[in-house]
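**Student:** Give me the fold of what follows.
(2 chains)
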Amino acid sequence: MTVMRSAGGEALIKDVGRDDVTMRSFLRGLAPVDQVGVEQRAAMLWSRSIKTDSKQWGLDTAVSMIDLTTLEGNDTPGKVRTLCVKAVHPDPTDPQCPRVAAVCLYPDLIADAVAQLAGSGVAVASVATAFPSGRASRAVRLADVREAVAAGAGEVDMVIDRGAFLAGRYSQVFDDIVAVKQECGAAHLKVILETGELATYDNVSRASWLALVAGADFIKTSTGKISPAATPGVAVTMLAVVRDFAAATGERRGVKLAGGIRSSKDALRYLVAVKEVAGEPWLSPDRFRFGASSLLNDLLMQRMKLRTGAYSGPNYVTVD
Amino acid sequence: MTDYDYSPAPEARTIARLRPSYGMYVDGNFTAGHGGSFETVNPADEKVLTTVALADATDVDVAIKAARRAYENVWAPMPGRERAKYLFRIARLIQERARELAVLESLDNGKPIRESRDVDIPMAAAHFFYYAGWADKLGYAGFGPDPKPYGVAAQVVPWNFPLLMAAWKLAPALAAGNTAVLKSAETTPLSALALADIIAQADLPPGVVNILSGGPETGEALVAHPGVDKVAFTGSTEVGKQIAKIVAGTPKRLTLELGGKAANIVFDDAPLEQAVEGIVNGIFFNQGHVCCAGSRLLVQESIAEETVEALQRRLMHLKLGDPLDKNTDIGAINSAAQLKRISELTAIAESEGATRWSPPCELPSAGYWFAPTVLTDVTPAHRVAREEVFGPVLAVMTFRTPDEAVAKANNTPYGLSAGVWTDKGSRILWMSQRLRAGVVWANTFNRFDPSSPFGGYGESGYGREGGRHGLGAYLAH
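**Tutor:** Numbers count the residues shown, from 1 in each chain, chains lettered A, B, ... in the order given. Model (predicted):
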């Protein structure tokens, strides 16, 4: 953690990927995370009460932070078209409604989305590296990334090799990320840790540091295919890591929470965690995202409630 | 774009159902008594909330006689399972009226509604639930096959957790078959009177619980009264000593829950992020008005700098202000007298060479307020390292080795609580065997449970409250 600052900061951090021994001792030297304590902290943050102006700001900001996602085997060009239109105009009845940050799709659907979203300000993100399991050779995973980027993806959501991580082969995971980052070129790289499979907060903290040191622009909780996905405790842990990474290097990297966040109330509470754990500079789509699909409609319904004073219903927002 | 400052989210004051005046609860009735009345103010704005009947020596006498009659005729002869029903009923009524009690407590005491709502009131109900479960099992509690109550208990509670401390005192006393006369603190009489209302609502037989309001004279009349069999006091060490003198040489049983100067010890292998949170909970919970507050931070020298930095960064997010706002972390200091003491001791610390730091925060113009304060460069010879401040003031000191940590932590006349932060289970056990404190928290601080005994060594008092031990304080065995 901040230990590194006193030990010489940036130079040391860039150096820890040098070999397996250095990486291992670095990750094991991080301050431990106490499960009871981190969950108690999250529970306290979750008791914050967000009303009136801050609620309005929070709802709008949350909409603008969404990576509107569909990652299903039955995705079609038609489904992608629907999603892209919604990404640009989430609420057709309200021109003030912000657009979402990005759409997030499988690589073979990227070209369609890029064509449709050109000039809209909505980014196109592609999952890659044999998402969601990552169980393929490095060559295949890199080819996956190459194709996504070639199709025009501005953001790449890769998965780490959880098997390698849990087996203690940290350098292998590190080298994977470095290689993918290189393949990404100008595209932003989000590294999915799949925290539900890493199981402990210590692992979440170590994987977060590993990914950031390897060059991740964002660290991301989950694929959405494993339960639990994003949880308050995991969010608090990862937000503390990006804060400490920024303190050590001066670089503010992002966090993306994905999976299981469906209600506006939860989204507003996660923003509380962003503000109080990472800090206000992270309250921006450049540094914080929600990977979600159904969350958007709940945010839109809550926005309508604030605007009109009355609750509408699911038929007053559009299906994707 | 604006930032995400939380808009005001206040609880409505009307929820407290404040009445223009309150009586005292004696022998099942609310009466005006003989001592006149006094005003209680909201420490957050110094405005008078209401007036409360002041109990004098005559009222104390009437209450104790009522308690004696109830003890002999009704409560002690009643089977434990029947007493339990009343206690369960009180617990449920506290839960039903939780919101009212929380707002009332925050108005009268100044503590944030988040704490009264999430800690004080639910924990008060939990104590009644817990001891209700013991009422018909006294013969199995380890105090012999047929332990007996003492009789009439005189109970004096402090202003920092007014309702919770009343629950800590009343629940075990009643479960064991004693009757009680309880006196609330002068600056916070209201929640105890709301509890009296709940007790009346629960149809408790008249005289089993009597609740008086008043200051030191009332308290002295109560503990000195010859009709009392058991005295229980929570409050300052100074008053505790006076009570011990009054009770000395009489057959009265005495338990004292007094002050503290707890060490919160952070080792270099601690989960630092959570330790910082524990330091904050340890000293800034309830504005530091906590007898077991972690007021001395002992941090290993090798991580002292980064720990204080992380602590300061964390304190920037504390919200000080309206106690009724659901997002307030730090409320008002309970009284002008307490604010004066905190200010004085902090000023002395500065003049003795400590470095003072507070996050930038605007203090409201009316009311009693004190910004959360961290004092670094404190040594064990400073007064602030030895005397209880009972406010949001943390004294930071360092240590080099586990032995030194133990020596410094134990170097106090008090011995109520301590905290140990380390990733090593064996070190937690090693430390807890050596720390002279009634409670040792490991990788947490200020956590309470009705089943866990609480109490101190030395100038922190004697006797235990909570758990099976707390039951023993109200049973002859």
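**Student:** Residue of chain A nearest chain B, please.
**Tutor:** A:Gly37 (2.9 Å; C-beta to the nearest C-beta). Yep, even glycine has a C-beta here, placed from its N, CA and C like the rest.
**Student:** can you list the residues of the stretch 1-150 of chain A near chain B?
**Tutor:** A:1-3, A:5-6, A:31-34, A:36-38, A:40-41, A:47-55, A:57-58, A:61 (C-beta under 8 Å from any C-beta of the partner chain).
**Student:** Just the buried subset of these, written out for ChimeraX, thanks.
**Tutor:** In ChimeraX syntax, the buried subset of those is picked out as below (16 or more other C-beta atoms under 10 Å in any protein chain shown):
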select /A:1,2,3,5,31,32,33,34,37,38,40,41,48,49,50,54,55,57,58,61
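**Student:** how about the strands in chain A?
**Tutor:** Listed in chain order, the strands of chain A (DSSP state E) span A:66-69, A:102-105, A:123-127, A:155-159, A:188-192, A:218-220, A:254-258, A:288-292.
**Student:** tell me the angle the last one makes with strand A:123-127.
**Tutor:** Read that as strand A:288-292. 60 degrees (axes from the mean of the first three to the mean of the last three C-alpha atoms, to 10 degrees).
**Student:** ok, and what's touching strand A:288-292?
**Tutor:** A:62, A:65-69, A:101-102, A:104, A:157, A:190, A:218, A:220, A:222, A:224, A:254-259, A:261-262, A:267, A:270-271, A:274, A:278, A:282 (C-beta atoms under 8 Å, 6 or more residues apart in numbering or on different chains).
**Student:** again with the fourth one
**Tutor:** Applying C-beta under 8 Å, 6+ apart, the set of residues contacting strand A:155-159 from outside is A:102, A:104, A:123-134, A:141, A:145, A:148-149, A:177, A:180, A:184, A:187-192, A:194, A:220, A:223, A:256, A:291.
**Student:** wait, does the helix or strand harbouring B:Gly278 contact chain A?
**Tutor:** Element membership for B:Gly278, per DSSP states H and E: helix B:272-284. Yes - against chain A, helix B:272-284 shows contacts by C-beta under 8 Å from any C-beta at B:Leu272, B:Glu273, B:Gln274, B:Ala275, B:Glu277, B:Gly278.
**Student:** Let me see the contact set for the closest residue to chain A within the stretch 151-300 of chain B.
**Tutor:** Residue nearest to chain A within the stretch 151-300 of chain B (C-beta to the nearest C-beta): B:Gln274, separated by 2.9 Å. Residues in contact with B:Gln274 (C-beta under 8 Å, 6+ apart) are A:Val33, A:Asp34, A:Val36, A:Gly37, A:Val38, A:Arg41, B:Trp421, B:Asn443.
**Student:** what separates the second one from A:Thr200, distance-wise?
**Tutor:** Read that as A:Asp34. Look at A:Asp34 and A:Thr200: by C-beta to C-beta, to the nearest Å, they are 11 Å apart.
**Student:** neighbours around residue 198, how many?
**Tutor:** Unless you meant another one, I'm taking chain A. By other C-beta atoms under 10 Å in any protein chain shown, 21 other residues sit near A:Leu198.
**Student:** you looked at the wrong chain, it should be chain B
**Tutor:** 21.
**Student:** wait, isn't it in contact with B:Ile94?
**Tutor:** Yes - contact status for B:Ile198 versus B:Ile94: in contact at 6.3 Å, counting by C-beta atoms under 8 Å.
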